[in-house]
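> Predicted coordinates and the sequence they were generated for:
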Amino acid sequence: MPGQHSNDAGAQLLQQVEHALRSQVPLRIQGGNSKAHLGREVQGELLDTRAHRGIVTYDPTELVITARAGTPLAELNATLEAAGQMLPCEPPHSDDGATVGGMVAAGLSGPRRPWAGSVRDYVLGTRVITGHGKHLRFGGEVIKNVAGYDLSRLMAGSFGCLGLLTEVSLKVLPKPRHSLSIALEMSSEQALLKLATWGQQPISISAASHDGQRLHLRLEGGEGSVTAAHDRLGGELLGAGYWDKLNARRLAFFADPRPLWRLSLPTNTGPLSLPGEQLIDWGGAQRWLKSDADAATLRAIAGQAGGHATCYAIAEQPFQPLAAPLLRYQQSLKSQLDPQGIFNPGRMYAEI
Amino acid sequence: MNILYDERVDGVLPATNKQGLLQALLEQIPDLEILHSQEELKPYECDGLSAYRTTPMLVVLPREIEQVEKLLKICHQQRVPVVPRGAGTGLSGGALPLEKGVLLVMARFNQILDIDPAGRFARVQPGVRNLAISQAAAPYGLYYAPDPSSQIACSIGGNVAENAGGVHCLKYGLTVHNLLKVEMLTVDGERLTLGSDALDSPGFDLLALFTGSEGMLGVITEVTVKLLPKPQSAKVLLAAFDSVEKAGRAVGDIIAAGIIPGGLEMMDNLAIRAAEDFIHAGYPVDAEAILLCELDGVEADVNDDCKRVRQVLEQAGATEVRQAKDEAERVRFWAGRKNAFPAVGRLSPDYYCMDGTIPRRELPGVLRAIAELSAEYNLRVANVFHAGDGNMHPLILFDANTPGELDRAEALGGKILELCVKVGGSITGEHGVGREKINQMCAQFSSDELTLFHAVKAAFDPSGLLNPGKNIPTLHRCAEFGAMHVHMGQLPFPELERF
């Protein structure tokens, strides 16, 4: 079901990669450029994926959608919405030009992530132009597939450093029949304790954030379970727009001029005293932080708690440094898949 | 073409002096249990794919991670292939030993190290049985979701290596979706941590790559899995149909109604009758197909969904729809399905279980084609199907004692898998490639794609000593295999030399 803006530019993309391989000039892969604030600066010739766009196949009863990498995420979401379905991982930024390829390459997930899974969890298949100049297909349009190594899920969150994504197949799900959001006054200590208890019970929470004063919860499921949870928890009704604002980082919290950090932590991490202003998300597993503190301090705090810290600003080292053996194997993988180092060199780490 | 390791097409393995290696292991790891006599080695000659057997050179049964570390270092120095094995229940021969290799049995690492109810995770050793995790988590109202049917015996290390599935995958995901962290040893005995206790980790997602890599990239020494709250309620509906097409369409209709069942299974008439004879589950034996649809979650939602699904099934032309009236009947309905393999086993001395996946819409055509192939090869096929996620398990009935029947069953199986690939599916949904489907990999992937898989392997194991010959065929094997399966006069891999 090709849409009106469908265009197959696969041949041109392959040509550009072949040219880069011949001329040894690396490529800076870009879709909507909505994640420019994340990752290191890349020196290279621009490769714009946006001409290669369009939904390739979508059959709602198969729960799978396949789209070219340059397809706007907003178009993908609108197509799913029209069929009453969704990408449960709620990737952020559907209205700032973000593309499907960029969404997978960055691997960022929204408020529903702890309950529904990450972008990587919904990737079923990919087409990739490799560092050997071949246009290949991995995975597919079936939900279960364990033939060969799982290169498709490896691509999620690899920031274009392992190859050029040209097409992605994603698992999708029906939207929940009911959704209702509430706010409850309580301290962050109380909120994290309660979330740990609720986490062990069958209660239909699908988003949980705390801003210092109030716990915000989204309840999703059938009418019965949502009503039951609401009756039990009470609280003041909250507009669904709250989660979109949080996901798009448009809440007042994000306007603070200090650099933005994201701390990813174990689910049961208690209250953390952090230098700066924080917003708890993912039921405690993700903490947004506005802080002037230096990277080493924040990484030590996150590492101590069993997690890691990412800086959402151009920085020499936006991502938590890797342990030496792990870095060595990541380099080894990069040099096997991209032997000439033409794909986004240095976007994640200087060594990759 | 035989699927046992063949150095002519699978690559020459380094020759090892068994006595020299044994001596080195005894000296350097004195407390390591080593099996080396023929009668001790015999029980380890196969895994769950028992039609294929190879006696390993040595079997080692370590109890400490340090022993595994040293073993890998010694084997790496001496260039000895190592085949890791968990509980040995795998159905694709992923732990099939090598005559020139050491079989590394991880089954003795069977301790649950930590159950953290507030963090909803369990940290366990690789030899812990799948079901033992859920049993240990049960007092907290939690469980580990992936439930392969071998779950009473299979180990979590093997589940990670195979990316195991089960009947609840559509709603709860595969093994890869239910992992937080894996501790592993590389081919030369270096420790690596993949993933973390947090929901994501910096760098490339090696945990995703490693899951399902069939022991080719490293040896798993510890696994941290996610735990979920047990659903408050689970109800099951049984629907009978007078044609498999109608049953297939009903599956799509349920999903179109916005319902994701916890489990959605289909059986054809031969499988229904076999299961009913064996288990007396109360299945309608005259139905051409039955669907089992389990709905789980919060009680109120489950009741709502049961009503909706019943309506959908009736509109789809079900001749009968029954809801299990109590827990005992629910368990009985499932017992029929969960024992379908042994039940079919009673109809025939041997059976061969396939594991292809297809887009669900292709089901009627694929079942028709399987029926035609069944007639052509003169072997009966019973169909059991994870209908929700498109994973088929055709069971080919044969008698290994009748000359030629195993070969015919294998050939028929190969045709079925190639059919799955042709309609856009895969040769394996949850059992893995191992050795069993090594030839069909040549049908699913091009030589360039296989070459890239070999590059991934080289990034972790450049000397190719970990589980050689599994999962990814050499291009030479594909050339040989292709030579026997010439499609439309065109040899695949024309660029390769023939020998």
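The structure has been received and is ready for your questions.
> Can you tell me which residue of the stretch 151-300 of chain A sits closest to chain B?
Residue of the stretch 151-300 of chain A nearest chain B, by CB to the nearest CB: A:G224 (2.3 Å). The C-beta positions use only the backbone N, C-alpha and C, and glycine is treated the same way.
> my read: that residue touches B:C306, true?
No: using CB atoms under 8 Å as the test, A:G224 is too far from B:C306 to be in contact (11.8 Å).
> which stretches of chain A form helices?
In chain A, the helices defined using DSSP state H lie at A:10-23, A:73-82, A:100-106, A:113-116, A:119-122, A:151-155, A:188-198, A:223-233, A:241-247, A:295-304, A:324-337.
> buried residues in the first one?
Under the neighbour-count criterion of 16 or more other CB atoms under 10 Å in any protein chain shown, helix A:10-23 has A:G10, A:L13, A:L14, A:Q16, A:V17, A:A20, A:L21 buried.
> re earlier: which residue comes closest to the residue of the stretch 151-300 of chain A closest to chain B once chain neighbours are left out?
B:A300 (2.3 Å; CB to CB, 6 or more residues apart in numbering or on different chains).
> Give me the neighbour count for that neighbour.
Neighbouring residues of B:A300 were enumerated by other CB atoms under 10 Å in any protein chain shown; the total is 18.
> okay, now residue 216: neighbour count?
This is for chain A. For A:H216, using other CB under 10 Å, the count is 22.
> Oops, wrong one, chain B.
Counted with other CB under 10 Å, residues neighbouring B:M216 total 25.
> Just say helix, strand or coil for it.
Classification of B:M216 using DSSP: H, G, I helix; E, B strand; the rest coil returns coil.
> per-residue confidence at B:L491?
pLDDT, B:L491: 42.
> Identify the residues contacting B:C75.
Applying CB atoms under 8 Å, 6 or more residues apart in numbering or on different chains, we find B:C75 in contact with B:L21, B:P81, B:V82, B:V102, B:L465.
> Which strand or helix spans it?
For B:C75, the host element (DSSP states H and E) is helix B:65-78.
> quick one: the strands in the stretch 351-499 of chain B?
For the stretch 351-499 of chain B, applying DSSP state E, counting those that start in this stretch gives strands covering B:381-386, B:391-398.
> For chain A, give me its nearest residue in the stretch 351-499 of chain B.
Proximity of the stretch 351-499 of chain B to chain A (CB to the nearest CB) peaks at B:G429, 3.6 Å away.
> how about that residue, what does it touch?
B:G429 neighbours (CB under 8 Å, 6+ apart): A:142, A:144-146, B:165, B:355-357, B:386, B:389-392.
> now, among those, which is nearest to A:P271?
Nearest to A:P271 among those is B:G165, at 38.4 Å by CB to CB.
> Give the burial count for the closest one, as a bare number.
Per other CB under 10 Å, the neighbour tally for B:G165 reads 29.
> Could you pull up the residues touching it?
By CB under 8 Å, 6+ apart, the neighbours of B:G165 are A:K144, B:P146, B:P148, B:L174, B:T175, B:H386, B:D389, B:N391, B:G429, B:E430.
> Greatest separation within the residues you listed: which pair is it?
Most distant of these, by CB to CB, are B:T175 and B:H386, 14.9 Å apart.
> how many other residues sit next to B:P139?
For B:P139, the neighbour count with other CB under 10 Å is 9.
> what about it, is that helix, strand or coil?
Quick answer, by three-state DSSP: B:P139 is helix.
> Now do it against chain A, distance only.
Using CB to the nearest CB, to the nearest Å, we find B:P139 at a distance of 11 Å from chain A.
> Quick check: bridge partners of B:T357?
B:N391, B:S426 (DSSP bridges).
> Pretty sure A:L193 is one of the things A:H210 touches, is it not?
No: in this structure A:H210 lies outside contact range of A:L193 using CB under 8 Å: 11.4 Å.
> Give me the more crowded residue out of those two.
Of the pair A:H210 and A:L193, A:H210 is the one with more neighbours under other CB under 10 Å, namely 27 against 16.
> What's opposite that one in the beta bridge?
A:L215, A:I280.
> now B:D114
B:R123.
> Model confidence score at it, please.
98.
> show me the residues around it that make contact.
B:D114 neighbours (CB under 8 Å, 6+ apart): B:F121, B:A122, B:R123.
> Tell me how far the residue of the stretch 351-499 of chain B closest to chain A lies from B:F481.
To B:F481, B:G429 is 22 Å away according to CB to CB, to the nearest Å.
> ok, residue 115 - how many residues close by?
With no chain named, the answer covers chain A. 18.
> that answer is for a different chain, and I need it for chain B
19.
> again with B:E314
When neighbours are counted by other CB under 10 Å, B:E314 comes out with 14.
> Same check on A:V168?
What A:V168 shows, counting by other CB under 10 Å, is a neighbour count of 30.
> got the contact list for it?
So A:V168 contacts A:T66, A:A67, A:A69, A:V100, A:G101, A:V104, A:V123, A:G125, A:T126, A:R127, A:S152 (CB under 8 Å, 6+ apart).
> Ok, B:K470 next?
Contact partners of B:K470, counting by CB under 8 Å, 6+ apart, are B:G93, B:G94, B:L96, B:E214, B:G215, B:M216, B:V433, B:G434, B:R435, B:I438.
> Quick check: it vs B:S463, distance?
16 Å.
> Quick check: closest non-adjacent residue to B:A369.
The shortest distance from B:A369 to any non-neighbouring residue, by CB to CB, 6+ apart, is to B:L419 (5.6 Å).
> Model confidence at that neighbour, what's the number?
pLDDT, B:L419: 94.
> wait, doesn't it sit right on B:V366?
Yes: contact criterion CB under 8 Å: B:L419 and B:V366 qualify, at 6.2 Å.
> roughly how far apart are A:S6 and chain B?
A:S6 is 20 Å from chain B, by CB to the nearest CB.
> swap that for A:S332, please
With distances taken as CB to the nearest CB, A:S332 is found 4 Å from chain B.
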